[in-house]
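Enquirer: What follows is a predicted protein model with its sequence.
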Amino acid sequence: MKFKLYKSRVGSDFVADLLEDTNLLLYTHEIGVDDITFEKKLSAYDITTEFLMVPYEEFGEKAFKKKMTTIEIVDDSGNIWKCIIICGSFQYKHYKIGGEWKRLVAARRIDVGDMIKLHCDVLGKDDHLYIKLNR
């Protein structure tokens, strides 16, 4: 597997000032007070199919542009996953996130019942969605 890391905040001279304890260097993305967030307990559908179901009303309408078809998910390790977005309306209005979602599930060993938190910038509707896994 090949991963592209989303770690742009590391300066070019950080090695010279490196601390003995490198645990502080672990990648993390901060959830701002006003960020748009959504928590979900993953279902069998989310894990066994190639799609993550996201409700339109609670999160999708604020986070995604109406005609958006692709998005990059940045996981809590800083890996970028290129995904597709499909807006569905059968039974209820929702979004399905596919593409590399299935690879993310396999690589991070995500399972049914795991909790995830999705969040994006307070302005929403950009090209990145951040995911944090809570087991």
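Expert: Cool, the structure landed. Numbers count the residues shown, from 1 in each chain.

Enquirer: Buried residues in stretch 46-66, which are they?
Expert: Neighbour-count burial for stretch 46-66, counted by 16 or more other CB atoms under 10 Å, picks out 46-47, 51-54, 56, 59-64. The C-beta positions use only the backbone N, C-alpha and C, and glycine is treated the same way.

Enquirer: Start and end of that stretch, how far apart?
Expert: For stretch 46-66, the first and last residues are 22 Å from each other (CA to CA, to the nearest Å).

Enquirer: For it, what is the distance to the chain centroid?
Expert: Between the centre of stretch 46-66 and the centre of its chain there are 11 Å (CA atoms, centre = their mean, to the nearest Å).

Enquirer: Touching that stretch from outside, list them.
Expert: 36-38, 40, 42-43, 45, 71, 85-87, 92-98, 101-102, 105, 110-112, 118, 120, 124-125, 129 (CB atoms under 8 Å, 6 or more residues apart in numbering).

Enquirer: how about the strands in this protein?
Expert: 36-41, 52-55, 70-74, 80-88, 94-97, 115-120, 128-134 (DSSP state E).

Enquirer: Which secondary structure elements does the last one sit against?
Expert: Strand 128-134 is packed against strand 70-74, strand 115-120, with contacts defined by 3 or more CB pairs under 8 Å, 6 or more residues apart in numbering; DSSP states H and E.

Enquirer: With the fourth one instead?
Expert: With contacts defined as 3+ CB pairs under 8 Å, 6+ apart, the packing partners of strand 80-88 are strand 70-74, strand 94-97, helix 101-107.

Enquirer: For the shortest one, give the mean pLDDT please.
Expert: Translated: strand 94-97. For strand 94-97, the mean pLDDT works out to 91.

Enquirer: can you pull the buried residues of it?
Expert: Neighbour-count burial for strand 94-97 [16+ other CB under 10 Å]: 94-97.

Enquirer: Relative to that strand, what are the paired strands and their orientations?
Expert: Applying DSSP bridges, strand 94-97 is found paired with strand 52-55 (antiparallel), strand 80-88 (antiparallel).

Enquirer: Between those strands, which one is closest to Asn134.
Expert: For Asn134, the closest of the strands paired with strand 94-97 is strand 52-55, at 15.2 Å, according to CB to CB.
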